[in-house]
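> Everything below, folded, please.
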Amino acid sequence: MKKVWYFFVKILIKSSLFFYTKQIKVQGKENIPKKGAVLFMVNHPNGLIDPLIVAVNNPRILHFLVRAAVFKNPFIKKFLATLNLMPIYRIRDGVKQLGRNQEIFEKCFSIFNRQGTLMIFPEGSHNKKRTIRPLSKGFTRILFGALAQNPYIKIHVVPVGITYQNPSCYPSKVTLNYGKSILANKYYDLDGNHRIKDLKNLISNELKKLSVHIPDDDEYSNTLEKLNQSNVDFTNVSSVNKMIQVDKITSQKRPFHWLAFLKPIIIINTFIPWLIWKYFEQKNDEFEFIDTFRFAFCGGLFGLFYLLQATLISSFLGWEIGLVYLVTSLVLVLLYSKLHPTPAPKLLE
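Below you'll find the model as predicted:
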């Protein structure tokens, strides 16, 4: 029953993302092992929407490690548990809470023993910067802890890169890159001489190839500003990384906004939820969660509002008119999402 629920929610979220994004380009899906224990290691630029995009574009049933703050509400905690989400505690959650991570690690060991999969964000937190930050060593505790309990299981690590054209605006293009799997057992030694540094460096270097990576040095802001002003398509990851490496950025012309007239129509049609969204948008003080909250509103409140209006129209004008209204509203949103050019970045990311 839990699997049925997982796939139901997966289909629901994937359908919502189809309407919400301009494009989700998935590459390297053939690198995902069809069976066996797998640890997916993903960069983290864009809040809770990152794991959603990975989960709905992955054929395996995933277990997630997410920050413990999300689990404060008892109802939310139970709901997230049904979708295989588990809390990971950090110093900011309180030093006393860190001891609870051992229980979570034991659950991770059990998942690997059952030949399951786990997804983590080894940078430790989300960040809008287009750079791969230093990886925490927490993932090695999980990998080598599982192998210490059962050295006979094989655990593959798959690095995953996510790159957004512009996560601050709607609609946005996304590229999801699955890298080649790495056998963690090669870096594990029964005598305790684990090659932690080698494994971290290998995965970090792979993530820098799988997502747009601008070195976080004194030239970071200048390089990013040049890329933004040149209107590059960040979702063409390999070509953008090549531009950065050779310091030769090719300008691209922005397409004409010939569907701009749809935006005021959509806003008028959903004026009440749009006002609610604008109110909460101003309350949000984390750039990385703008896209997450917007997606939740578009997939939830906006959809419910369309259904409510369609029901009211049906009660006065008949179900045929109500159905036409509902379909037309969804088509307008779909046309805007898929055909409208992705807005240019408004600030340095």
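
> domain assignment for this structure?
According to the domain assignment given by automatic domain parsing, the chain is divided into the following structural domains: 2-210, 217-253, 262-339.

> First-to-last residue distance for the longest one?
So that's domain 2-210. Terminal residues of domain 2-210 lie 32 Å apart, using C-alpha to C-alpha, to the nearest Å.

> so how far is that domain from its chain's centroid?
Centroid separation for domain 2-210 versus its chain: 10 Å, with C-alpha atoms, centre = their mean, to the nearest Å.

> Look at Leu339 and report its pLDDT.
According to the predicted model, the pLDDT of Leu339 comes to 85.

> Centre-most residue in the protein?
Asp50 (0.9 Å; C-alpha atoms, centre = their mean).

> shaky segments in the stretch 151-300 of the chain?
Within the stretch 151-300 of the chain, the segments meeting pLDDT under 70 span 190-193, 255-257, 285-288.

> Let's see that with 80 instead.
For the stretch 151-300 of the chain, residues meeting the criterion pLDDT under 80 lie at 168, 190-194, 250-260, 281-289, 297-299.

> For it, which segments are assigned as helices?
Taking DSSP state H, counting those that start in this stretch as the criterion, the stretch 151-300 of the chain carries its helices at 196-210, 220-229, 237-246, 262-269, 271-283, 290-296.

> how far is the last one from where the chain is centred?
Chain-centre distance of helix 290-296: 11 Å, with C-alpha atoms, centre = their mean.

> Mind naming the longest strand for this protein?
For the chain, the strand reaching the highest residue count under DSSP state E is reported as strand 155-164.

> just checking, what packs against that strand?
For strand 155-164, the elements it packs on are strand 37-42, helix 49-56, helix 138-149, strand 173-178, strand 182-183, helix 196-210, judged by 3 or more C-beta pairs under 8 Å, 6 or more residues apart in numbering; DSSP states H and E. For every residue, glycine as well, the C-beta is placed using N, CA and C.

> Run a quick neighbour tally on the closest residue to Glu206 other than its chain neighbours.
Leaving aside its sequence neighbours, Glu206 sits nearest to Pro159 (C-beta to C-beta, 6 or more residues apart in numbering; 4.1 Å). Using other C-beta atoms under 10 Å, Pro159 has 29 neighbouring residues.

> next one: the one 5 residues further on
If you count neighbours by other C-beta under 10 Å, Tyr164 ends up with 27.

> How about the contacts made by it?
Tyr164 is in contact with Pro45, Asn46, Ser172, Lys173, Val174, Phe234, Thr235, Asp291, counting by C-beta atoms under 8 Å, 6 or more residues apart in numbering.

> Pull up the gap between it and Gly28, please.
17 Å (C-beta to C-beta, to the nearest Å).

> Met158 reaches Gly36, doesn't it?
Rather than Met, residue 158 is Val. No - Val158 lies out of contact with Gly36 (C-beta atoms under 8 Å); the separation is 11.1 Å.
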